[in-house]
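[1] Sequence first, predicted model second:
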Amino acid sequence: DTAVSQTPKYLVTQMGNDKSIKCEQNLGHDTMYWYKQDSKKFLKIMFSYNNKELIINETVPNRFSPKSPDKAHLNLHINSLELGDSAVYFCASTDRDGTNEKLFFGSGTQLSVL
Amino acid sequence: SQQGEEDPQALSIQEGENATMNCSYKTSINNLQWYRQNSGRGLVHLILIRSNEREKHSGRLRVTLDTSKKSSSLLITASRAADTASYFCATGARYGNKLVFGAGTILRVKS
């Protein structure tokens, strides 16, 4: 039933490791996003895909690589994890191009890099 | 720099009181949205107001938008303990295709 689901909910890993976060939406939306929320609750957009095509790529280290196998899925792979990557990562989706519609968020993945 | 900035950063009120949160932004917008985030959860959309609208209501929520001052306010009337959460404004730019979020207001409603 969950509209936007992301896994895992918690991810604890060592510096230097590679990890992936998965996201799926069953709302039939065209656009999906990854947002990063830091410890001060500041929410910043990282990537956006529309129908599997990358449309937003903010200033994010190239250790972060999103992949969208189809418009219902947007995964985030992170290479060589660093301490500063610790944050909560949110997946979101919206219909059409996103600026005029509300976002539906997943429940977040809390990433802790030790 | 961040588009939206909420004020105050934190607000503590008694149940039954009204809560007002403000948001200021810097560039032209197409719409402004408010979201709520409960602790440990994702953001939930509350209300969207378009740039040609001045006021909008949804249940106990009232949102105003003043494009001349580049500001918006969210009023929650007759607050409840369950309203305790962080509240974020987000702006949709006139050009571009992303929502930009403010830093949020932490609201605590004491019962």
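    Now that the structure is in, tell me what you want to look at.
[2] Can you point out the buried residues in stretch B:50-61?
    Residues B:K56, B:L61 are the ones in stretch B:50-61 that count as buried (16 or more other C-beta atoms under 10 Å in any protein chain shown). Backbone N, C-alpha and C define where each C-beta goes, glycine included.
[3] Give me the mean pLDDT for that stretch.
    The predicted model gives stretch B:50-61 an average pLDDT of 96.
[4] Report the separation between the two terminal residues of that stretch.
    Using C-alpha to C-alpha, to the nearest Å, the end-to-end distance of stretch B:50-61 comes out at 16 Å.
[5] quick one: contacts of that stretch?
    Where contact means C-beta atoms under 8 Å, 6 or more residues apart in numbering or on different chains, the residues beyond stretch B:50-61 that reach it are B:28-32, B:34, B:46-49, B:62-67, B:74-78, B:94.
[6] which residues are there in chain A that come within reach of chain B?
    A:4, A:31, A:33, A:35, A:40-45, A:48, A:50, A:55-56, A:90, A:92, A:97-100, A:102-108 (C-beta under 8 Å from any C-beta of the partner chain).
[7] what are the bridge partners for residue 56, then?
    You didn't say which chain, so I picked chain A. When bridges are assigned using DSSP bridges, the partners listed for A:I56 are A:S48.
[8] look at chain B instead
    Here B:K56 sits in beta bridges with B:V63, as judged by DSSP bridges.
[9] For the chain, give me the ranges with low pLDDT.
    If you meant another chain, say so; for now it's chain A. Applying pLDDT under 70 to the predicted model, the residue ranges of chain A that meet it are A:1, A:96-100.
[10] Sorry, I should have been clearer: chain B.
    Counting by pLDDT under 70, chain B contains low-confidence ranges at B:1-4, B:94-97.
[11] In stretch A:68-75, which residues are buried?
    When neighbours are counted by 16+ other C-beta under 10 Å, the buried residues of stretch A:68-75 are found to be A:S68, A:K71, A:A72, A:H73, A:L74, A:N75.
[12] Mind checking which of the residues you listed are in helices?
    Assignment to helices by DSSP state H places none of the buried residues of stretch A:68-75 there.
[13] hmm, back to that, what subset of the contacts of stretch B:50-61 is buried?
    Going by neighbour count (16+ other C-beta under 10 Å), the contacts of stretch B:50-61 have B:29, B:31-32, B:34, B:46-49, B:62-65, B:74, B:76 buried.
[14] Rebuild those as TSV, extending it with secondary structure.
    Listed next are those as TSV, based on DSSP: H, G, I helix; E, B strand; the rest coil:
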residue	secondary structure
B:I29	strand
B:N31	strand
B:L32	strand
B:W34	strand
B:L46	strand
B:I47	strand
B:L48	strand
B:I49	strand
B:R62	strand
B:V63	strand
B:T64	strand
B:L65	strand
B:L74	strand
B:I76	strand
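[15] Now the two most distant members of those residues.
    Across the buried ones among the contacts of stretch B:50-61, the longest distance by C-beta to C-beta is 22.1 Å; it joins B:I29 and B:I76.
[16] Any idea what the spatially most central residue of chain A is bridged to?
    For chain A, A:W34 is the residue whose C-alpha lies nearest the centre (C-alpha atoms, centre = their mean; 3.0 Å). In this structure, A:W34 bridges to A:F47, A:C91 when assessed by DSSP bridges.
[17] now it: how far from A:F47?
    Plainly put, A:W34 is 5 Å away from A:F47 if you go by C-beta to C-beta, to the nearest Å.
[18] I'd guess A:G84 is in a helix, am I close?
    Yes - counting by three-state DSSP, one finds A:G84 located in a helix.
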